[in-house]
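# below is the sequence, then the predicted model.
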Amino acid sequence: MKHLSEEEQMEMYYDEGSEAVKAHLKSCRECAVEYAKFKRSLDSIKTEDVPQRGPDYGDFVWQALRPQLIPYEKKTVGWRGWSWWKTATAAAACLALMTAAFIGGRYWEHRNAGPNDMAGTTSPGNTPPQQRVVLVVLTDHLDRTERLLVQLNHADLHDRAESAQLQTEARELLASNRLYRVSANREGDPALAGALDQLERVLAEIANDPHLTAADLDRVRKDMNTSGILFEVRVLLTRKPNEESGPKSAKGVSI
Amino acid sequence: MQGNDHSVVRAVLAGDKEAYGTLVRAHSAAVFRVAFRITGNEADAEEIVQETFLRAYQRLEKFELRSAFGTWVYRIAVNCALSRMGRPEIEAEYRHGEESDAEAKTVQVATRDADPERVLLGREASAAQEMAMQRLTATEKCAFVLRHLEERSMGEIAEALGVAPNAAKQAVFRAVQKLRRELAPLRGNA
């Protein structure tokens, strides 16, 4: 290793020298002599005396300083003193509360809107728009069915043209009647489903007979009168329009 | 002590101005010592003490409670001393004052040693040392004082001067080189 530089000597003096430098200093006589001179030169600078200050010096400084100091204002803890994250947290909490209230309201409304609403058990003001459309369509179906039954009741059974017209109308009503019955069953409305089931049997007898005779129609007419199908349709018809307060309420059908 | 200082700082920031007196009384002596060692002038050191505690009070809200108040106020004192030394008019005043100060120190030495020859040598050495110190730049002198007399680490010096540790070490080294060169004839005589 080469001899110690002045910087390395300084590091040794301030106890910051590396192990290699320390080892070299122990083994190299020339560097040891140089370092001894270096040490003496710096040691001689350590003689400066600081003028002593008495025990009251701190108090003296404070008394001189005190009039220049303006007291700090106490921190406010009111609304204006809130930090931005506290405000943000409060705003987020309010938003979450409003969202929860909205969703809860929607859920409560949906839960209370029972399946019987389609059959008209809810008040008119609370009927949802979609359900209102279904009721109108069903009323239309029952209206057409009532007309068919009235026509059948008063028809000339020997008039083949009239019989064919009844059969065509019955076929059209049969398909839609099946859909309404299935829907009523699914929605849990046994009264409507039962009436539509009876109606479906009558419509099926008229629609599906390829050789509909006067005797067949007469039998159907008797079955219809016996089972009171027409009466049930009228009950349903009067119930729906009354609840919907639609134009149907004014419509009367006589047998 | 540090915990006490921190609670006092909190009290001051809460509006208790009088509590600051506790901190001033506790740290005045240390601040005066470093101020005197850097400036070499008693009157300047007194002013630096006042300025240091005034600045510290004004910046108390920026004081981070992770560090010790003593270390923080020490750094402010070093900065106050440095800025004072950096001003030319202060520099001139300082040099002017040094002549009388050196004289006073010689007298102080003389009271401890009755040997006239040693008194003469002591006076010569002291004056030469003061002159050599005056030839250092403010940063070199400050770095040297902090390392050599205050026995602060290079890291602490770097923090106080606001420079990198290596720059602080180089400042100390340049001061050592200059002082040794200046004082070499004196050592030869001795």
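Noted; the coordinates are in hand.
# list the contacts of the closest residue to chain A within chain B.
Nearest to chain A in chain B, going by Cβ to the nearest Cβ, is residue B:25, at a distance of 3.2 Å. C-beta coordinates here come from the backbone N, C-alpha and C atoms, glycine included. Shown in contact with residue B:25 (Cβ atoms under 8 Å, 6 or more residues apart in numbering or on different chains): A:58-59, A:61-62.
# same check on residue B:169?
By Cβ under 8 Å, 6+ apart, residue B:169 lies in contact with residue B:154.
# what does residue A:153 give?
With Cβ under 8 Å, 6+ apart, residue A:153 has these contacts: A:221, A:224-225, A:230, A:255.
# ok, of the residues you listed, which one's closest to chain B?
Using Cβ to the nearest Cβ, the contacts of residue A:153 come closest to chain B at residue A:230, 91.5 Å.
# please name the nearest non-neighbouring residue to that closest one.
Using Cβ to Cβ, 6 or more residues apart in numbering or on different chains and skipping the chain neighbours, the partner closest in space to residue A:230 is residue A:149 (4.8 Å).
# check which helix or strand covers the closest residue to residue A:66 other than its chain neighbours.
Spatial nearest neighbour of residue A:66, chain neighbours left out: residue B:21 (7.0 Å); criterion: Cβ to Cβ, 6+ apart. Residue B:21 is part of helix B:20-39, with elements assigned from DSSP states H and E.
# just the mean pLDDT for that helix, thanks.
Rounded to a whole number, the mean pLDDT of helix B:20-39 is 93.
# so what's the residue count around residue A:225?
Other residues near residue A:225 come to 14 when the count uses other Cβ atoms under 10 Å in any protein chain shown.
# I'd like to know how far it sits from residue A:218.
11 Å (Cβ to Cβ, to the nearest Å).
# name the residues of the stretch 51-200 of chain A found near chain B, please.
Contact residues (Cβ under 8 Å from any Cβ of the partner chain) of the stretch 51-200 of chain A with chain B: A:51, A:53, A:57-59, A:61-62, A:64-66, A:68-75.
# try 6 Å this time
Within the stretch 51-200 of chain A, the residues that sit near chain B (Cβ under 6 Å from any Cβ of the partner chain) are A:51, A:53, A:57-59, A:61-62, A:65, A:69, A:71-72, A:74.
# circling back: which two among the contacts of residue B:25 are spaced furthest apart?
Of all pairs drawn from the contacts of residue B:25, the widest gap by Cβ to Cβ lies between A:59 and A:61 and measures 7.3 Å.
# between these two, which is the more surrounded one?
Using other Cβ under 10 Å as the criterion, residue A:59 and residue A:61 rank with residue A:61 on top: 24 against 14.
# neighbours of the closest residue to residue A:32 other than its chain neighbours, how many?
In this structure, residue A:32 finds its nearest non-sequential neighbour in residue A:25, 6.0 Å apart by Cβ to Cβ, 6+ apart. Using other Cβ under 10 Å, residue A:25 is surrounded by 19 other residues.
# any idea how far residue A:34 is from residue A:25?
When residue A:25 is compared with residue A:34 (using Cβ to Cβ), they lie 9 Å apart.
# figure out the helix or strand that residue 174 lives in.
I went with chain A, as the question did not name one. Using DSSP H and E, residue A:174 sits in helix A:160-187.
# meant chain B, my bad for not saying
helix B:165-189.
# any idea how far that helix is from the chain center?
Remark: helix B:165-189 is offset 18 Å from the chain centroid, using Cα atoms, centre = their mean, to the nearest Å.
# likewise stretch B:60-79?
In terms of Cα atoms, centre = their mean, the centre of stretch B:60-79 is set 16 Å apart from its chain centre.
# how many neighbouring residues does the residue nearest to residue B:136 when sequence neighbours are not counted have?
Spatially, and ignoring its direct neighbours in sequence, residue B:136 is nearest to residue B:175 (5.3 Å; Cβ to Cβ, 6+ apart). Per other Cβ under 10 Å, the neighbour tally for residue B:175 reads 26.
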